[in-house]
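K.L.:
Next come a sequence and a model predicted from it.
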Amino acid sequence: MLSVIVPCYNEEENVVPFYEELTEHTAFLKEKGVELEIWYIDDGSLDRTVEQVRTLRERDERVHLLSFSRNFGKEAAMYAGLENARGDYLVIMDADLQDPPSLLPEMFAYLEEGYDSVATRRVSRKGEPPVRSFFARLFYRLMKKISRTEIMDGARDYRLMTRKVAASVLSLGEYNRFSKGIFGWVGFRTKWLEYENVQRARGETKWSFWKLFLYSLDGMTAFSTAPLMIASVVGVLFCLLAFLMILFIIVRKLCFGDPVSGWPSLVCIILMTSGVQFFCTGILGQYLAKAYLEIKRRPIYLVKEKF
Ligand code: UDP
Ligand code: MG
């Protein structure tokens with residue numbers, strides 16, 4: 001059986017079109033004797049997403065719903081999908097048809113060839129605001145430097161995997177989830193497919209710039225501890241600098257008898273060092289906050305309804 005997992009947050013316009021397009025492109029499964037099930041994970045939608053899924057269910061028994069008690073985020077929805085779906089193969093797809101179902105036959109063929117997981121990445125970011133693309137690129141470049149886990153530039157969450165891979169992903173029960181990193185971390189033989197960016201079919205993106213920024217911080221703290229090094233490195237550099245300046249001032253005083261002059265330079269130095277200190281304390285705070293949330297061991301999601 002193949003389970004299709006679809007995180008949905010206010011996607012009332014997309015539920016049915018997604019179903020139509022998906023069933024059209026998964027006809028090939030029948031010849032292979034593979035069954036299909038579709039799991040819509042309603043991430044606390046405020047619109048008619050749940051009703052849409054319910055009417056679909058009346059038409060087709062293969063449609064399932066898992067509804068959260070509130071908005072827990074896409075990461076939680078993906079986790080819930082992997083946990084509840086029963087297929088031998090699982091695929092995660094966005095409801096807005098940005099993950100083209102037409103790729104499924106090719107992806108499935110790679111699994112049959114012996115790959116454990118088939119992942120996709122977009123090679124272009126056409127139709128996206130330039131500022132967003134710029135920061136996305138910056139994020140991936142930075143992550144490549146500071147993290148030992150492979151995190152692919154432009155990777156989508158659109159991924160087909162075997163049950164074994166899904167179980168491995170579920171075994172990482174962390175609260176601060178960053179799937180792009182988690183999939184890289186678990187390993188397995190992965191085939192990467194590339195495609196041109198497809199624009200959202202209907203509705204609006206659910207990710208504001210601020211939400212994406214916070215998500216990138218999640219990614220950094222979850223898959224790198226390098227930022228914690230900044231304090232140590234800058235600290236050592238400043239100590240060296242201070243030592244050189246002390247030498248300079250002593251020598252100048254002894255040779256030329258110059259009195260120490262210029263409080264503006266002093267103010268600059270104080271501002272600079274205290275700035276660096278606050279920055280480093282902030283980084284420390286980020287890790288502490290994440291650790292705090294992990295320690296509480298709260299559930300990743302809460303279910304309101306399931307069928
Ligand atoms: N989504 C979700 N919970 C959220 C935000 C988004 O389940 O809090 C779902 C959304 O319904 C969609 C997918 O995640 O199916 C991708 O979201 P979106 O298309 O808004 O993001 P983008 O493609 O613009 O990055
Ligand atoms: Mg989208």
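P.N.:
That came through, no problem. Ligands and ions are numbered 1, 2, ... in the order given.

K.L.:
Okay, buried residues for the lengthiest helix in the chain please.
P.N.:
With secondary structure taken from DSSP state H, the chain has its longest helix at helix 263-296. Using 16 or more other C-beta atoms under 10 Å as the test for burial, helix 263-296 gives 276, 280, 283, 290. No exception for glycine: its C-beta is placed from N, CA and C like everyone else's.

K.L.:
Mind putting those residues into TSV with distance to ligand 2 and pLDDT?
P.N.:
TSV is the format used below for the buried residues of helix 263-296 (distance: C-beta to the ion, whole Å; pLDDT from 0 to 100):
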residue	distance to ligand 2	pLDDT
276	39	82
280	36	85
283	31	87
290	26	88
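
K.L.:
related to what we said a few turns ago, run through who's touching the helix or strand following the longest helix of the chain.
P.N.:
Per DSSP states H and E, helix 263-296 leads on to strand 303-306 as the next helix or strand towards the C-terminus. Residues outside strand 303-306 that contact it (C-beta atoms under 8 Å, 6 or more residues apart in numbering): 50, 64-69, 80, 84.

K.L.:
before we move on, what about stretch 40-51?
P.N.:
By C-beta under 8 Å, 6+ apart, the list of residues contacting stretch 40-51 reads 5-12, 15, 53, 63-74, 76-78, 80-81, 95, 305.

K.L.:
Pull out the buried residues from those.
P.N.:
If we count by 16+ other C-beta under 10 Å, those have these buried: 5-12, 15, 53, 63-68, 71-74, 76-78, 80-81, 95.

K.L.:
residues in the stretch 151-300 of the chain within reach of ligand 2, list them.
P.N.:
Neighbours of ligand 2 within the stretch 151-300 of the chain, by C-beta under 5 Å from the ion: residue 200.

K.L.:
ok, now with 8 Å
P.N.:
Residues of the stretch 151-300 of the chain lying near ligand 2 by C-beta under 8 Å from the ion: 200, 205-206.

K.L.:
Can you say which of these are buried?
P.N.:
Neighbour counting by 16+ other C-beta under 10 Å classes residue 206 among these as buried.

K.L.:
filter the residues of the stretch 151-300 of the chain next to ligand 2 down to the ones near ligand 1?
P.N.:
With C-beta under 6 Å from any ligand atom as the criterion, those include 200, 205-206 near ligand 1.
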